[in-house]
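**Q** Sequence and predicted structure, then a few things I'm wondering about:
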Amino acid sequence: MADIDLITANKKFLYILSFSWIIIAIVAIFSWQWGFFAVYENFPWKYSSFRRRLYMELKFPFDPLQRANEVEKIVIKGNSRLYYRFRPAPYYGGIATADAVGCSFLCAYCWNYDRNLKPERFGKFFSPQAVASNLLKIAEEKSFNLFRVTGSEPILGEVSFKHLIEVINTVLKRNARFKFIIETNGLILGYRSDLVKYLKFPNLRVRIATKGVDKNSFELISGSKKDFFLYPIKAVKELQKGHIQAWLAVMEDLFKDCDIESLKDILRKESIKGELELEKLERYPFVLNNMKKREITL
């Protein structure tokens, strides 16, 4: 009888142990999916992505150079970068588009906000050659001559810059009529003007989106510290000095006419040529909700 009780007790113990391991496995799978305990080997220190995400999401305003460095280590692996989509887009009259993830800013009106907040959860790694191949395929199918990377910040540091340069070079050498547009916030190009000389492709254009008309609006919208307001403007100045076609864009819907004029005054004082592009807000519900949270009114 005692032997039977012992066998029964052992079976119960094994059932409980097995059930516990199943629960642990389920928790581990979901934790990995949500990124709570994911560790990235290429970090100089082994941060959990959950702790990193809290920093990105909650501690406003942040240092965008530090954030750029952290994000680059997530979205770059070797010479490959995270992309989640390749598509034709109607902008600029039709353009082959690669959608990437990861940004040095967290702009309140960003249409790709969640993917840039948690870039480790989205996309797959593509080499520059694979990115170019996808873009060229779209261009051939749609008879496009324009190309871009969007949805993120393409220049987070030297490694992502090198990746972008390889994409551009591979695309532009295919056909003399092709043109590539870099859409950037200008932070790194303003901070590292020595990188500008590597952008001297004959058919390259650079569109820099400034996130405010002054330091305070820049900080409120981008989430970055106000001290970095002039970096995008400096980037345009350095690009134009290097005879690279570049211009500045600003979200018109968020500012009064007098605010736009004050920004134009800054550009004139910095001897920046060309028209200021006035961008229209994509009023998605989640964009309006993010703006409301940051107390940005239209």
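**A** That came through fine.
**Q** Check the secondary structure at the residue lying closest to Lys77 once chain neighbours are set aside for me.
**A** Distance criterion Cβ to Cβ, 6 or more residues apart in numbering; nearest residue to Lys77, sequence neighbours excluded, is Phe125 at 5.1 Å. The way it works is simple: take the backbone N, C-alpha and C, and place the C-beta from them, glycine included. Under the three-state scheme (DSSP: H, G, I helix; E, B strand; the rest coil), Phe125 adopts strand.
**Q** Return the residues in contact with Phe125.
**A** Neighbour list for Phe125: 77, 80-82 [criterion: Cβ atoms under 8 Å, 6 or more residues apart in numbering].
**Q** Kindly give a single ChimeraX line that selects the buried subset of the residues you listed.
**A** Entered in ChimeraX, the line below selects the buried ones among the contacts of Phe125, by 16 or more other Cβ atoms under 10 Å:
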select :80,81,82
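**Q** Closest to Arg294 out of the contacts of Phe125?
**A** Leu82 (26.0 Å; Cβ to Cβ).
**Q** quick one, what contacts the most centrally placed residue in the chain?
**A** With distances taken as Cα atoms, centre = their mean, Ser152 lies nearest the centre of the chain, 2.4 Å away. By Cβ under 8 Å, 6+ apart, the contact list for Ser152 reads 75, 99-103, 112, 115-116, 119.
**Q** Now render those residues as a markdown table, adding distance to Lys293 and pLDDT.
**A** Below are those laid out as a markdown table (distance: Cβ to Cβ, whole Å; pLDDT from 0 to 100):
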| residue | distance to Lys293 | pLDDT |
| --- | --- | --- |
| Val75 | 25 | 98 |
| Asp99 | 24 | 98 |
| Ala100 | 25 | 98 |
| Val101 | 21 | 98 |
| Gly102 | 22 | 97 |
| Cys103 | 18 | 97 |
| Asn112 | 17 | 96 |
| Arg115 | 18 | 96 |
| Asn116 | 16 | 96 |
| Pro119 | 20 | 96 |
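**Q** Now the buried members of those.
**A** Of the members of those, the ones counted as buried by neighbours, 16+ other Cβ under 10 Å, are 75, 99-103, 112, 115-116, 119.
**Q** Please flag which of the contacts of Ser152 sit within helices.
**A** 75, 115-116 (DSSP state H).
**Q** Looking at these, which one is closest to Lys225?
**A** Asn116 (17.7 Å).
**Q** Check the gap between the closest one and Gly186 for me.
**A** Going from Asn116 to Gly186 by Cβ to Cβ, to the nearest Å gives 16 Å.
**Q** still on that earlier bit, which one of the contacts of Phe125 sits closest to Gly93?
**A** Gly93 lies nearest to Arg81 out of these, by Cβ to Cβ, at 26.5 Å.
**Q** So for that closest one, what's the nearest residue that isn't a sequence neighbour?
**A** His163 (5.2 Å).
**Q** how many other residues sit next to that neighbour?
**A** Look at His163: counted by other Cβ atoms under 10 Å, it has 26 neighbours.
**Q** again, but for Gly223
**A** Residues within reach of Gly223, counting by other Cβ under 10 Å, total 24.
**Q** Let me see the contact set for it.
**A** 60-62, 105-108.
**Q** ok so, going back, looking at the ones in helices among the contacts of Ser152, spot the one nearest Tyr284.
**A** Among the ones in helices among the contacts of Ser152, and counting by Cβ to Cβ, the member closest to Tyr284 is Arg115, at 13.4 Å.
**Q** isn't that closest one right up against Tyr84?
**A** Yes - counting by Cβ atoms under 8 Å, Tyr84 is a contact partner of Arg115 at 6.7 Å.
**Q** Now do the shared contacts for these two.
**A** Shared contacts of Arg115 and Tyr84, counting by Cβ under 8 Å, 6+ apart, come down to 101, 122-123, 151.
**Q** Show me the shaky parts of the stretch 51-200 of the chain.
**A** The stretch 51-200 of the chain contains residues with pLDDT under 70 at 51-58.
**Q** Which stretches in it count as strands?
**A** 76-77, 80-89, 95-100, 124-126, 146-150, 179-184 (DSSP state E, counting those that start in this stretch).
**Q** beta partners for the residue nearest to Lys77?
**A** Leu82 (DSSP bridges).
**Q** Quick check: it vs Leu82, distance?
**A** Computed as Cβ to Cβ, the Phe125 to Leu82 distance reads 6 Å.
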